[in-house]
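S.K.: Build me a structure from this.
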Amino acid sequence: MYEILTQILDIPNYEVANIEANDEQITLEIQSTMKGAKCPRCGTYSSELHENHTRIVRDLPISGKACYLRFTRRRFFCQECRDPFSEPLGFVKEHRDYTNRYQARIFHQVKENNITAVMRLEILTYEQVESIFFTEAKSCIPANPFTSLIRLGIDEISLRKGKQDFVLILSNLDTGEIVDVIEKRTKEKLRSRLEQLTSVERNQITEVAIDMWEPYADVCSELLPNVVITVDRFHVAKAINTELKNLKNKEKEQHPEELKEALKGSHYALLKNQDNLTDNQQETLQKIYETCPILKMGHRLKECLHRIFESHSTKEKATQRIQKWLVIAESHGLFPNFRKTLLSWLDNITNYFRHRTTSGMVEGINNKVKLIKRRAFGFRNFENFRLRVIVAFL
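M.R.: Got it, this is the predicted structure:
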């Protein structure tokens with residue numbers, strides 16, 4: 001009588017026996033087409049009914065209405081084991097009130113939206129949606145993502161702008177996946193996480209990409225015996241851009257009238273890679289070149305350093321070129337803080353030229369995390385936030 005509904009339901013070995021509907025929901029009564037089941041302990045088939053009870057679980061909506069499945073969960077008696085057992089259910093997990101496919105729906109909705117919006121859409125409680133997401137997320141994440149990890153990226157993202165509230169992001173640079181998110185950016189937290197790895201896992205990590213924060217380098221050198229530490233080139237670019245921006249602001253303060261027009265809208269003209277400038281930005285840059293010689297030299301040095309990193313140099317050749325760059329920058333009295341940083345980290349920075357390793361994917365991570373934070377209005381606990389970030393990159 002309900003053959004078409006049974007086909008639409010598409011649950012193996014179950015058929016629709018009855019349907020109830022009102023303005024808000026549809027309830028399908030379904031029944032198994034199997035007369036018995038195999039004992040999970042010994043494999044003996046049994047059709048001897050021991051007891052049964054009625055269960056109701058929520059399934060995917062039908063025609064925009066909430067859909068529930070009502071069925072009898074049977075327990076059979078095994079003559080071989082002399083014990084009862086429950087028939088297996090392939091469409092719903094033990095002790096869950098939702099079908100597997102409905103839980104998957106909620107999980108993907110939360111990934112693309114936020115818990116509050118899904119709660120309202122599905123008429124569930126916050127706790128129900130959060131529990132479903134938590135359960136599904138944990139089942140998606142590999143039990144040990146460090147098993148085959150060779151190149152590790154370590155970086156941080158800010159949870160709240162201007163609040164110094166950072167979390168550590170550990171990433172697999174070969175797969176682009178997030179392997180862990182650690183609450184608080186501290187040396188102790190990183191040490192604790194790396195100490196949880198087995199000796200085999202620590203020994204197989206051959207390279208780590210970090211920013212120029214000494215505690216990262218110290219912990220990695222201590223706990224990862226075969227590692228080469230590479231400073232991410234994007235952090236080098238960020239550091240020189242910061243000093244170039246400070247130079248621009250200093251010149252603007254000292255020569256407000258002369259440079260007012262030339263420096264108007266000059267932020268991107270100075271800091272973007274010159275090859276990527278728009279026509280208008282190129283015109284702005286030309287005005288800067290014509291009116292401010294020190295900014296012209298600063299910009300040219302920044303572009304020169306960029307070209308060094310874009311070249312296919314060896315580590316040795318790149319080191320020589322950067323050392324020449326340092327001499328030129330010093331002769332013009334430019335980038336004093338950056339020059340000091342560059343000298344301190346030169347060996348790690350030029351390790352980039354061995355395999356051209358970066359953790360540039362973290363910039364994409366930052367953008368995704370910002371979107372997650374906007375959508376979620378803040379998770380109620382850090383573990384849920386951690387899972388949300390990790391599954392976003394699976």
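
S.K.: before we move on, what SS does Thr27 have?
M.R.: When the structure is split into helix, strand and coil by DSSP: H, G, I helix; E, B strand; the rest coil, Thr27 lands in strand.

S.K.: Isn't it up against Glu20?
M.R.: Yes - with contacts counted by C-beta atoms under 8 Å, Thr27 reaches Glu20, the gap being 4.4 Å. Backbone N, C-alpha and C define where each C-beta goes, glycine included.

S.K.: higher neighbour count, the two?
M.R.: Counted by other C-beta atoms under 10 Å, Thr27 and Glu20 do not tie: Thr27 has more neighbours, with 16 against 11.

S.K.: Just list the residues touching that one, thanks.
M.R.: Going by C-beta atoms under 8 Å, 6 or more residues apart in numbering, Thr27 touches Ile19, Glu20, Ala21, Ile56, Cys67, Tyr68, Leu69, Arg70.

S.K.: In what element of secondary structure is the last one found?
M.R.: Counting by DSSP states H and E, the element that carries Arg70 is strand 65-78.

S.K.: For that strand, buried residues please.
M.R.: Neighbour counts using 16 or more other C-beta atoms under 10 Å place Ala66, Cys67, Tyr68, Leu69, Arg70, Phe71, Arg74, Phe76, Phe77, Cys78 of strand 65-78 among the buried residues.

S.K.: Quick check: bridge partners of the first one?
M.R.: If I follow you right, that is Ala66. Following DSSP bridges, Ala66 is listed with bridge partners Gln25.

S.K.: what's the answer for the last one, then?
M.R.: Here Cys78 sits in beta bridges with Asp83, as judged by DSSP bridges.

S.K.: Looks like it contacts Cys39 (just checking).
M.R.: Yes - between Cys78 and Cys39 there is a contact under C-beta under 8 Å: 4.0 Å.

S.K.: anything in contact with each of these two?
M.R.: Shared contacts of Cys78 and Cys39, defined by C-beta under 8 Å, 6+ apart, comprise Ser46, Phe85.

S.K.: residue ranges of the helices in the stretch 51-200 of the chain, please?
M.R.: Using DSSP state H, counting those that start in this stretch, the helices of the stretch 51-200 of the chain run over 100-112, 115-122, 126-140, 187-195, 199-204.

S.K.: how about those in CSV, adding mean neighbour count and mean pLDDT?
M.R.: Below are those laid out as CSV (neighbours: other C-beta atoms under 10 Å; pLDDT from 0 to 100):
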stretch, mean neighbour count, mean pLDDT
helix 100-112, 19, 93
helix 115-122, 17, 90
helix 126-140, 17, 90
helix 187-195, 15, 95
helix 199-204, 13, 97
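
S.K.: and the ones you listed as a markdown table, adding distance to Thr341?
M.R.: Shown next, in a markdown table, are the helices of the stretch 51-200 of the chain (distance: least, C-beta to C-beta, whole Å):
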| stretch | distance to Thr341 |
| --- | --- |
| helix 100-112 | 39 |
| helix 115-122 | 42 |
| helix 126-140 | 39 |
| helix 187-195 | 19 |
| helix 199-204 | 29 |
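
S.K.: Which one of those lies nearest to Ile154?
M.R.: Evaluated with C-beta to C-beta, those place helix 187-195 nearest to Ile154, the distance being 7.2 Å.

S.K.: Tell me how far that closest one lies from the chain's centre.
M.R.: Centroid displacement of helix 187-195 relative to its chain, using C-alpha atoms, centre = their mean, to the nearest Å, is 20 Å.

S.K.: Contacts for it, please.
M.R.: So helix 187-195 is contacted by 154, 168, 170, 180, 182-183, 202, 215-216, 218-220, 222-224 (C-beta under 8 Å, 6+ apart).

S.K.: Which one of those residues is nearest to Glu87?
M.R.: Distances from Glu87 to the contacts of helix 187-195, taken by C-beta to C-beta, are shortest for Asp180, at 39.1 Å.

S.K.: Grab the two from the buried residues of strand 65-78 that are most spread out in space.
M.R.: Distance extremes for the buried residues of strand 65-78: the farthest pair is Ala66 and Cys78 at 37.2 Å, using C-beta to C-beta.

S.K.: For the closest residue to Arg58 other than its chain neighbours, give me its contacts.
M.R.: Taking C-beta to C-beta, 6 or more residues apart in numbering, and ignoring the residues beside it in sequence, Arg58 has Tyr98 as its nearest neighbour in space, at 4.8 Å. Contacts for Tyr98 were tallied using C-beta under 8 Å, 6+ apart; they are Val57, Arg58, Asp59, Val92, Ile106, Ile132.

S.K.: Can you pull the domain assignment for this structure?
M.R.: Each structural domain of the chain that the record assigns through automatic domain parsing is listed here as a residue range: 1-96, 98-140, 151-232+358-391, 233-355.

S.K.: mean pLDDT lowest for which of the ones you listed?
M.R.: Mean pLDDT is lowest for domain 151-232+358-391 among the domains of the chain, at a mean of 85.
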